[in-house]
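> Mind folding the following:
(chains A and B, ligands or ions: 2)
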Amino acid sequence: MTETTVSAPLAADGRIETAVQRMRRHQRLVLALRLAVLVVLIGGWEFGVRLGAIDPFFFGQPSGIVTKLIDWTENGTSIGPLWMQIWVTIYEAGAGFLIGSAMGILCGIALGRNQLLSDVFSIYIKVANSIPRVVLGSIFIVALGLGAASKIALAVVMVFFVVFANAFQGVREADKNLIANARILGASNWQMTRAVVLPSALSWILASLHVSFGFALVGAIVGEFLGAREGMGLLIATAQGSFDSNGVFAAMIVIAIVALLAEWILTVIENRLLTWRPDTTVNE
Amino acid sequence: MSAIASPSAVALKNVARRFVTPSGDVLSALEDFDLTIAPGEFMAVVGPTGCGKSTTLGLIAGLARPQGGEVTLFDAPVTGVDRRVGFVFQQDAVFPWRDVLGNVMAGPLFRGVPKDKAETEARDWITRVGLKGFEHHHPHQLSGGMRKRVALAQTFINNPQVLLMDEPFSALDVQTRELMQEELLQLWAQAKSAVLFVTHDLDEAILLADRVAVLTTRPARVKSVHTIDLPRPRDVATLRYDERFIAIARKISDDLREEVLRARAGH
Ligand SMILES: Nc1ncnc2c1ncn2[C@@H]1O[C@H](COP(=O)(O)OP(=O)(O)O)[C@@H](O)[C@H]1O
Ligand SMILES: [Mg+2]
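Residues are numbered from 1 along each chain as shown, chains lettered A, B, ... in the order given. Ligands and ions are numbered 1, 2, ... in the order given. Reported below is the predicted structural model:
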């Protein structure tokens, strides 16, 4: 990412050049070692099963997991086409994520900007936050049924508190000098929120969005686990019900890929929104 | 009632400002504070660190209320942030997420000036403070001196009639500071606003100001006010070696040193 900015202006300096080379070599070494660790782990697992040291009934088998994934993509799963299950889970997690983070940002900014609101509501939010949220999943399924709504509701609850806490903190941490400056330059309350408070809180908010997509996925999957007609959570529950550990692992891998993709998209968005920040990676 | 002798841009009469500390004690920052600045006058204020200089500026800017006395702008009491006031802060207060143009345009946009007009004005001010070509740089890409220029342009674009400056150049190196002082005097000569310039650097105060007020240690009062009758335009680079400058500096520094020593003894 930062290679071009480091090497371009400094290429003339021999010493720096070797430093860049050393850094590249280091990066290659790290990559190679990471691959080696992966190969050893998976290879060890596979051979452990083949040599009879690991029981594939409980712990699965890498080759079996791959076969399962291929089978699912080619023939569909026991509960329908694989892409359909993935889509349902992404839809529930995504909707919960969007609604939950929008609510979290709005409430965080409102309470962060208004002392009275925050004095009144902070106690309720603390109480609500201390409830183990997964428990709410059962209530949502009873109340909202087996469809997507109950999963979205659980994902919203999972996401809301994280984003809320960060947005609130971000607003509170906004630089007092910047606020005073904006007021003297003539900003109204609304202009202050938009032009000063929101941008200052943005890095806090974006940091929380990273974590909270993961939470939204957990919400959706747990919701499906508790009761659903489709989705990755149901796929796992079904595999578990038929003692198919390869199936559980295969579903886990699919979910991990979804989570990593979402993480990547969020990073791209974050870098777009925070271009004004000094590039901290260059001068480390 | 006696008639008001002459109009004032800023007047503080008998002002008191007290804080309640976390331990519940009352900390008196200003007591019986009296200071008057005429329209177009450049007033510098020097005093020991922590005596209440920033607090004074905050009261005039309408960012805080006094517990006693009266603060007026052009003979009307200060009730809040006033559009005629500009403020240059000690720490960086430019918006890090906006580029130079966005920062300089901020004031006019907040005040409802149409965007294209604000941009034209902003580009003009960016040129005047010597930042042409840096319109689309973000603050972190600029040096400390350049960021101060952004702050000056951001403030002057609003045409303040009262300009409050809180140790604006204290974080700059000596050479940059000298350049900025020169630039400030030029901008002020055109804008003709009343200036209240807070500094702990006595030389800087004398170089720039028409009058220099020395504050006491906390609670701050005005200990003495000295008229600096050095001719303008002043050459910031050479004036400090002038005999008249040295004579004035010697007189005021005795006053100031007394307070600094008292501040030290108090700790
Ligand atoms: N918001 C505040 N709460 C409590 N004490 C304060 C506050 N602001 C300033 N003070 C105290 O008032 C005194 C004067 O502060 P200040 O005006 O910032 O001094 P300076 O002359 O260095 O600008 C200091 O002792 C400071 O600790
Ligand atoms: Mg100060």
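> List the buried residues for the helix ranked longest in chain A?
In chain A, taking DSSP state H as the definition, the longest helix is helix A:14-50. Within helix A:14-50, the residues scored as buried using 16 or more other CB atoms under 10 Å in any protein chain shown are A:Val20, A:Trp45, A:Glu46, A:Val49. (Glycine included, C-beta is placed from N, CA and C.)
> nearest to A:Pro62, of those residues?
Checking the buried residues of helix A:14-50 against A:Pro62 with CB to CB, the nearest one is A:Glu46 at 4.7 Å.
> Which segments of the chain make up each domain?
No chain specified, so I'll use chain A. A:2-54, A:62-273 (automatic domain parsing).
> nope, chain B please
With domains defined by automatic domain parsing, chain B comprises B:1-84+B:162-230, B:95-159.
> Reformat these into a markdown table and put distance to chain A and mean pLDDT next to each item.
Below are those laid out as a markdown table (distance: least, CB to the nearest CB, whole Å; pLDDT from 0 to 100):
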| stretch | distance to chain A | mean pLDDT |
| --- | --- | --- |
| domain B:1-84+B:162-230 | 5 | 92 |
| domain B:95-159 | 4 | 95 |
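> So for A:Gly60, which of these sits nearest?
For A:Gly60, the closest of those is domain B:95-159, at 48.5 Å, according to CB to CB.
> Please see if whichever helix or strand A:Arg272 is part of touches chain B.
Using DSSP states H and E, A:Arg272 maps to helix A:245-273. No - judged by CB under 8 Å from any CB of the partner chain, helix A:245-273 and chain B are separated, with a smallest distance of 9.1 Å.
> what about the closest residue to ligand 1 within the stretch 151-284 of chain A, neighbour count?
For the stretch 151-284 of chain A and ligand 1, the shortest gap (CB to the nearest ligand atom) falls at A:Lys176, measuring 9.6 Å. Neighbour count of A:Lys176, defined by other CB atoms under 10 Å in any protein chain shown: 11.
> re the thing from before, name the helices or strands packed onto the longest helix of chain A?
Counting contacts by 3 or more CB pairs under 8 Å, 6 or more residues apart in numbering or on different chains; DSSP states H and E, helix A:14-50 packs against helix A:3-10, helix A:56-59, helix A:62-75.
> Let's see that with 7 Å instead.
helix A:3-10, helix A:62-75 (3 or more CB pairs under 7 Å, 6 or more residues apart in numbering or on different chains; DSSP states H and E).
> circling back: out of the domains of chain B, the one nearest ligand 1 is which?
Using CB to the nearest ligand atom as the measure, domain B:1-84+B:162-230 is the one of the domains of chain B that comes nearest ligand 1, at 3.2 Å.
> So which bits of stretch B:152-160 are buried?
B:Leu152, B:Ala153, B:Gln154, B:Thr155, B:Phe156, B:Ile157, B:Asn158, B:Pro160.
> ok so, going back, so of the domains of chain A, which one's packed in deepest?
Comparing the domains of chain A by mean neighbour count (mean count of other CB atoms under 10 Å in any protein chain shown), domain A:62-273 comes out on top with a mean of 19.
> tell me how far the ends of that one are from each other?
Domain A:62-273 has an end-to-end distance of 40 Å (CA to CA, to the nearest Å).
> what's the offset of it from the middle of its chain?
7 Å (CA atoms, centre = their mean, to the nearest Å).
> hmm, stretch A:184-197 touching chain B?
Yes - Stretch A:184-197 reaches chain B (CB under 7 Å from any CB of the partner chain) through A:Ile184, A:Leu185, A:Gly186, A:Ala187, A:Gln191, A:Val196.
> How about residues contacting stretch B:161-174?
Residues outside stretch B:161-174 that contact it (CB atoms under 7 Å, 6 or more residues apart in numbering or on different chains) are B:9-10, B:54, B:57, B:60-61, B:73, B:84-90, B:144-145, B:148, B:155, B:177, B:180-181, B:193-200.
> all helices in chain B, in order from the N-terminus.
Going by DSSP H, chain B shows helices at B:53-61, B:100-110, B:115-128, B:144-156, B:174-191, B:202-208, B:236-239, B:243-266.
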